[in-house]
Each structure stands twice: as C-alpha cells, then as structure tokens.
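J.: just a sequence and a predicted model for now, questions to come.
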Amino acid sequence: MSEWWTYRPADFLMFAPGTYWRLFELHNQALWPAQVLAVLVGLAIAVGLWRGQGGALRGAALVLALGWAFVAWAFLWQRYAAINWAAIGFAWGFGVQAIGLLVLSTRPSLLMSSEPRRRLAGLGLVLWSLLAHPVLAPALGRPWAQAEVVGLAPDPTAIATLGVLLCADASTRAPRVLLGALCVGALAWCAVSAAILGTMGAAQAWVMLAAMVGAAGALGFTHARV
C-alpha cells in the first residue's frame with residue numbers, strides 16, 4: 001500500500017476530465033438552440049445595466065433565478081450527479097440561490113450602485129460570462145460543443161450573478177443583507193469550481209479564481225469607501 005503522503009488531490013477525483021467536459025457536450029446537444037436565446041437575453045440585460053436602468057436589475061435577478069434553478073435541476077442533478085455524488089448537494093445550494101434571487105427580483109428598493117468602479121467591474125463580469133466564457137472551450141483545445149453558456153452551465157451563471165450583484169444596491173436593510181448573502185453564494189461556487197478544475201489540472205480554474213478575486217476586490221473597495 002502506498003503511503004498517504006504520496007497521494008495528490010487528483011488521485012481522489014471521482015471522474016476523468018474528459019468525462020466532465022463530455023457532460024457539457026451532451027447538455028448542449030439536448031438544449032440547442034437555447035444557448036442563442038440565453039446569450040441574447042443576457043445581452044439585453046447588459047444593455048439595461050449599462051444604461052443604469054433600475055428595472056434591469058430586477059429583470060436580471062429574475063432571469064438569473066431561473067438560470068440557477070435550471071442549472072440545479074438539468075445539469076447538476078440530472079447529469080453531474082452521475083459522476084460526482086457531491087453534485088446533489090451543489091444542486092440544493094443552487095436551488096437556495098435561485099430562491100434568493102427570486103425574492104430579490106421583487107424588492108422595489110433595489111437600485112443601481114452609486115459606485116462607478118463597482119458597476120464597471122460588474123458589467124465586465126456579465127460580458128465575460130456571456131461572450132468570453134463560452135470561447136474558453138475552443139481556446140483551451142476542446143470542441144465548441146463543450147462550451148459553457150450562462151443560464152445553462154454553472155460557472156458562467158455564477159460569474160454573471162456576481163456581475164449583476166456588483167451593479168446593485170438597496171435603500172433598505174433587508175435587501176442589502178440578501179445582496180450580501182447572494183454574493184457569498186456565488187463566490188462560494190466560484191471557489192468550489194476553481195478547486196475542482198484545479199484538481200483536474202484545467203487552466204480554467206484560474207478564470208474562476210480571477211472572477212472570485214475581482215468581485216471580492218470590487219466589494220471590498222466599496223466597503224472601504226463607506
């Protein structure tokens with residue numbers, strides 16, 4: 001028997017990297033052309049955020065709530081759980097996040113952040129999730145069929161959510177607390193995904209870490225100004 005200190009994190013991985021990426025290919029094949037609709041809706045929301053429209057925030061929260069719920073059921077529960085038992089727990093976490101976003105979408109006190117840098121960082125994350133994240137598949141040597149699309153795959157959905165939340169603020173305490181909790185939920189998934197991707201030896205882990213650090217930094221800058 002090998003000594004315990006000779007093991008690497010990859011030795012505890014329950015699936016091969018190829019099996020993981022193949023899940024997205026099957027997922028995309030089953031959902032096509034929903035990917036096109038998801039990106040178009042996301043771009044419409046990004047335009048609303050760029051214009052500073054408060055209604056765009058509530059619309060974004062509602063759309064993201066549907067996205068987190070869909071990813072929880074269609075990807076994490078139906079596909080990922082077949083190769084990773086922890087995906088069931090992830091699915092429940094995504095469901096809780098979906099409920100929180102749904103509640104947030106109903107709050108009339110939700111408004112655009114007054115911090116230009118924070119809004120700019122948020123919009124950058126939203127655009128990354130929509131336009132750049134799907135391109136990572138071919139850029140890193142995988143087929144387009146394995147692209148991860150916001151609202152259909154967990155990582156870009158979490159990044160887009162961080163972006164929208166960075167653009168948001170609230171005039172009352174309860175929605176502010178909810179905003180903070182939702183940020184923690186999205187950041188937590190970025191950390192989990194970065195750990196899994198890093199264990200797989202995937203360079204994409206750095207993308208999730210960068211999104212997490214960038215969002216946390218933007219939030220920290222805002223609090224430092226308060």
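T.: Everything's here; your move. Quantities reported herein were computed from a predicted structural model and do not represent experimental measurements.
J.: buried residues in the host helix or strand of Leu57, which are they?
T.: Mapping Leu57 onto the secondary structure by DSSP states H and E places it in helix 54-70. For helix 54-70, the neighbour count (16 or more other CB atoms under 10 Å) marks 56-65, 67-70 as buried. Every residue, glycine included, has its C-beta placed from N, CA and C.
J.: any chance of those residues in CSV, with distance to Arg118 and pLDDT too?
T.: Shown next, in CSV, are the buried residues of helix 54-70 (distance: CB to CB, whole Å; pLDDT from 0 to 100):
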residue, distance to Arg118, pLDDT
Ala56, 16, 88
Leu57, 13, 92
Arg58, 18, 93
Gly59, 19, 94
Ala60, 15, 95
Ala61, 17, 96
Leu62, 22, 96
Val63, 21, 97
Leu64, 18, 97
Ala65, 22, 98
Gly67, 22, 98
Trp68, 22, 98
Ala69, 27, 98
Phe70, 28, 98
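J.: among those residues, which one sits closest to Ala160?
T.: Nearest to Ala160 among these: Leu64, at 6.7 Å, using CB to CB.
J.: from the buried residues of helix 54-70, which is closest to Ile83?
T.: For these, the nearest to Ile83 is Phe70 (19.5 Å; CB to CB).
J.: roughly how far does that closest one sit from Ile88?
T.: 16 Å (CB to CB, to the nearest Å).
J.: likewise for Pro175?
T.: In this view, Pro175 and Ile88 are 30 Å apart by CB to CB.
J.: neighbour count winner among these two?
T.: Pro175 (20 against 13; other CB atoms under 10 Å).
J.: that one contacts Thr106, correct?
T.: No. Assessed by CB atoms under 8 Å, Pro175 is found out of contact with Thr106, at 9.7 Å.
J.: which residues are common contacts for the two?
T.: Common contact partners of Pro175 and Thr106 (CB atoms under 8 Å, 6 or more residues apart in numbering): none.
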